[in-house]
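J.: could you look at this predicted model? Sequence included:
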Amino acid sequence: MAAPRSTATSPVVAVVMGSSSDLDVMRDAVAILEQFGLAHEVRVVSAHRTPDDMIAFGHAAAARGIKVIIAGAGGAAHLPGMLSSVTTLPVIGVPVALSHLDGLDSLLSIVQMPRGVPVATVAINGARNAGLLAVRILAIGDDALTKAMEEFQQEIAATARAQDADVAGAAAGGDGEEGHG
Ligand code: RP5
């Protein structure tokens, strides 16, 4: 697994969310950033409850050294899109599932952006992939981070092959009943 590689203390990735109630989901992005040793910050910045703070955050992010913003929100999830409108940085949106509508409301709120204002939207509650996408963006032109990503991909491939061996072995040693498919 990739070891921490950066001694930088100033954050290069901002993980933001509309409410602390999103944190359980957004922790998955933070875990990936920690795994790859990327300096990051974690903030609650609400498009609806603290709109002035949210705009100020978006305006200042690039000048503070942030390279990628990961923004999670649920329901009327305007945070990722609004941040994208006030920064030149790549914004990765994480639709957070609330107790109603299974997160489809969050997904559509984040993914259906107007032309010219992009948000790279991951799956509902897909914060882990948001973290991995941020790593890939930052790995461009960074040989060490690229190597760490290659190692990560080799590890998940090894896991899948082990599953294949387990499943194939179980099927071969089964009770002889006719399989399906
Ligand atoms: C959104 O409202 C937040 O991103 C959160 O997913 C949702 C509910 O927030 P709380 O009422 O739990 O604070 O802005």
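T.: Cool, the structure landed.

J.: any idea which residue sits dead centre in the protein?
T.: residue 130 (1.6 Å; CA atoms, centre = their mean).

J.: which strands and helices sit next to the helix ranked longest in the chain?
T.: As assigned by DSSP state H, the longest helix anywhere in the chain is helix 143-172. Helices and strands touching helix 143-172, by 3 or more CB pairs under 8 Å, 6 or more residues apart in numbering; DSSP states H and E, are helix 127-139. For every residue, glycine as well, the C-beta is placed using N, CA and C.

J.: tell me which residues are up against the helix it packs on.
T.: 12-13, 25-33, 36, 38, 67-68, 70, 72, 90, 92-94, 120, 122-123, 145-146, 148-149, 152 (CB atoms under 8 Å, 6 or more residues apart in numbering).

J.: burial measure for residue 49, as a count.
T.: 11 (other CB atoms under 10 Å).

J.: now it: phi and psi?
T.: phi -90, psi -30 (degrees, to the nearest 10).

J.: how about the strands in the protein?
T.: According to DSSP state E, the chain carries its strands in the segments 13-17, 40-44, 68-74, 91-96, 120-121.

J.: hang on, the earlier thing: and the contacts of helix 127-139, which are buried?
T.: For those, a burial check counting by 16 or more other CB atoms under 10 Å picks out 12-13, 25-30, 32-33, 36, 38, 67-68, 70, 72, 90, 92-94, 120, 122, 145, 148-149, 152.
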